[in-house]
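**Student:** Take this sequence and fold it.
(chains A and B)
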Amino acid sequence: MVCDLCKDGEAVIQLTEIEGSGVRQLHLCEKCAAERGVETTLTAAKPQINNFLQTIHEQMPAAKGEPAQCSFCQGTLADFRATGRLGCAHCYETFESSLRDLLRRVHGNSRHIGRRYVAPLPSELPHVSNATELRDRLKRAIESEQFELAADIRDKLRGIE
Amino acid sequence: MLDLSLLPDGGASWLDASGEHADIVISTRIRLARNLEGYAFTPRARDGERLRILTQVREAFASLRSIEDGVLVRVDELAPEDRLLLHERHLVSKELAGLNDQPVRTGAAVYLSRGVGIMVNEEDHLRLQALHSGFHIPDAFGVIERLDAELGNKVPYAFHNEFGYLTACPTNVGTGLRASVLIHLPGLVLTKEIGKVLAGLQQVGLTYRGMYGEGSEVVGNFFQISNQTTLGRSEGELLDYLVRVVRHVIEREEEARRVLLRDAGYIIEDKLWRAFGTLRYARSLSFEEAMNYLSGVRLAVGLKLISGLSVYTLNKLLIFSQLAHLGHTEGRALTESEANVARARYVRETLATESE
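**Tutor:** Model prediction:
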């Protein structure tokens, strides 16, 4: 089918126009469709992170008096600028004033007013087995041929070691 | 091969069309980003650290009361097809499944139960999420809030007095809450009102994306609408606001559908029945084609032009006609052309048995 407008190109788009109470159907080639402002593909908004990275690049000089590096994860502001990701929770304290400005730009606010949280005391946390205990359990699981359990314990042990 | 039917709800309760406005809103998802104290965030953590995190949360999962009979899936030990399967089912993100440019991370796992999941070692150590059918924000949040409170008593979250829950990316800090609805807006697309509506969303601090999240294309007129900011407003305010705006979008969509039917009745009717006809008889369907025709048939069901076809069937067709799902049914990985044939057969057979 040829295009209803230029009578030349191959019609690839069927356009239903509604004007007042009238309706008309047009078969358009890609070029004429584009000229009439019909979007042939609709892509999602640009990933938010791209804009965000740009904000970091343009507007985030290191604040005076801030350490160059996080003492916990050794991350730097340069790492953050490159990836848009902070290295660890301590980075929020290390780069506090730079981040406060950035958060105001990104969220319009830097103060959390949602739910508060207090972490449980270490003594309240469930007991996590230590490596010696796990090695002993692994040995016993293998001896008693409980291989699924053994695999599970092996994973835990790998996590600790 | 991963068998999703072994999950407590078969990993599919969110498709059952039970929620409000289920013909327009496919699903509601709420997620909370949380990190554990004492470790680098996932992208910077070493393999050993991530495995320790997994060990620590695994012990906590075992004693959770708000999740019943959950199942832990080690995503890092799955074959690529199975990781894609989980992603297509909306149970894990692209990042966790290693489907972005980065390979899957050691220690990547997901704990799944009825309509709830906890991703471990995603960009944040924990991503708690509730997934519900239809438009169902309060229920989805109730579930996730209880889970969060309980889990936060078993593992120490990283929390800052001023900045709230700390996250790897500062765009998630504060509440760590992202709520999104997957919504079908063919009326607004056909009446060309969609551009205005989407631009309006961005002006009021919400954002939209394609069906599979960040960077994904919009296919089949399915959009995901979610909050953009996470800091400076309470969880309740963020959710109320989203609910109000989404209600308004639904009204606009319903209005657009009325206009279409009033002003272009026979043309629309013809177009939608042709979509149904193609799905009912085609022998090969690409994913994008199937999505577009399914969009047409979904609209026809919403307009009551086609009866005897349930929204549940439409939801199933949307998810089960994807590449990894088709491969799973066939018992082997499919090439694109094989998938097109398998897709057409699956759609044809489902419509033959599930439409009156």
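**Student:** Leaving out sequence neighbours, find the closest residue to A:R81.
**Tutor:** The spatially closest residue to A:R81, leaving aside those adjacent along the chain, is A:I56, at 5.3 Å (C-beta to C-beta, 6 or more residues apart in numbering or on different chains). Quick note: C-beta positions are derived from backbone N, CA and C, even for glycine.
**Student:** correction: B:T106
**Tutor:** B:D47 (4.2 Å).
**Student:** Count the residues that sit near the one you found.
**Tutor:** 13 (other C-beta atoms under 10 Å in any protein chain shown).
**Student:** Repeat that for B:E330.
**Tutor:** Residues lying near B:E330 (other C-beta under 10 Å) number 14.
**Student:** contacting residues for A:A119?
**Tutor:** For A:A119, the contacting residues are B:E37, B:G152, B:P156, B:Y157, B:F159, by C-beta atoms under 8 Å, 6 or more residues apart in numbering or on different chains.
**Student:** typo on my end, it should be B:V301
**Tutor:** When contacts are counted by C-beta under 8 Å, 6+ apart, B:V301 touches B:D23, B:S307, B:L309, B:V311, B:L314.
**Student:** Could you grab the helix/strand/coil label for the closest residue to the fourth one other than its chain neighbours?
**Tutor:** Closest residue to B:V311 in three dimensions, ignoring its sequence neighbours and counting by C-beta to C-beta, 6+ apart: B:A17, at 3.8 Å. Classification of B:A17 using DSSP: H, G, I helix; E, B strand; the rest coil returns coil.
**Student:** any idea of the mean pLDDT in the longest helix seen in chain B?
**Tutor:** Longest helix in chain B, counting residues (DSSP state H): helix B:235-281. Helix B:235-281 carries an average pLDDT of 93.
**Student:** do stretch B:130-144 as well
**Tutor:** Stretch B:130-144 shows a mean pLDDT of 93.
**Student:** Kindly report the same for stretch B:336-343.
**Tutor:** For stretch B:336-343, the per-residue pLDDT averages 96.
**Student:** Give me the distance from it to the chain's centre.
**Tutor:** Relative to its chain's centre, stretch B:336-343 lies at 24 Å (C-alpha atoms, centre = their mean, to the nearest Å).
**Student:** How about that stretch, which residues are buried there?
**Tutor:** The neighbour-count criterion (16 or more other C-beta atoms under 10 Å in any protein chain shown) identifies B:E338, B:A339, B:N340, B:V341, B:A342, B:R343 as the buried residues of stretch B:336-343.
**Student:** Which residues does the helix or strand hosting the last one contact?
**Tutor:** Assessed by DSSP states H and E, B:R343 sits inside helix B:336-354. Contacts made with helix B:336-354 from outside it, assessed by C-beta under 8 Å, 6+ apart, are listed as B:276, B:279-287, B:290, B:309-310, B:313, B:316-317, B:320-321, B:323, B:326-327, B:329-330, B:334.
**Student:** For chain B, just list every one of the helices.
**Tutor:** B:47-62, B:80-88, B:137-152, B:186-190, B:194-203, B:235-281, B:287-302, B:311-320, B:323-330, B:336-354.
**Student:** taking those together, which one is wrapped up most tightly?
**Tutor:** Comparing those on average neighbours per residue, with mean count of other C-beta atoms under 10 Å in any protein chain shown, the densest one is helix B:186-190 at a mean of 23.
**Student:** right, is it up against chain A?
**Tutor:** Yes. Helix B:186-190 comes into contact with chain A (C-beta under 8 Å from any C-beta of the partner chain), by way of B:V189, B:L190.
**Student:** May I have the residues that are in contact with the closest residue to chain A within the stretch 51-200 of chain B?
**Tutor:** Residue nearest to chain A within the stretch 51-200 of chain B (C-beta to the nearest C-beta): B:G164, separated by 2.8 Å. Applying C-beta under 8 Å, 6+ apart to B:G164 gives the contacts A:H112, A:G114, B:V173, B:G174, B:T175, B:G176, B:L231.
**Student:** Pick the one among those residues closest to B:Q129.
**Tutor:** For the contacts of B:G164, the residue nearest B:Q129 by C-beta to C-beta is B:G176; the value is 11.3 Å.
**Student:** hang on, the closest one packs against B:N227?
**Tutor:** No. Using C-beta atoms under 8 Å, B:G176 is not in contact with B:N227, being 11.5 Å away.
**Student:** The two: which is more packed in?
**Tutor:** B:G176 (28 against 20).
**Student:** how close does the nearest residue to B:H90 once chain neighbours are set aside sit to B:R244?
**Tutor:** Nearest residue to B:H90, sequence neighbours excluded (C-beta to C-beta, 6+ apart): B:L131, at 6.3 Å. Remark: distance between B:L131 and B:R244 (C-beta to C-beta, to the nearest Å) = 22 Å.
**Student:** Chain A: helices as residue ranges?
**Tutor:** Under DSSP H, chain A gives helices at A:30-35, A:48-59, A:77-83, A:91-94, A:96-107, A:131-143, A:147-160.
**Student:** neighbouring contacts of stretch B:307-326?
**Tutor:** Stretch B:307-326 is contacted by residues B:12, B:15-17, B:22-23, B:26, B:81-82, B:84-85, B:87-90, B:133, B:220, B:285, B:287, B:290-291, B:294, B:297-298, B:301, B:329, B:334, B:339, B:342-343, B:346-347, B:350-351, B:354-356 when judged by C-beta under 8 Å, 6+ apart.
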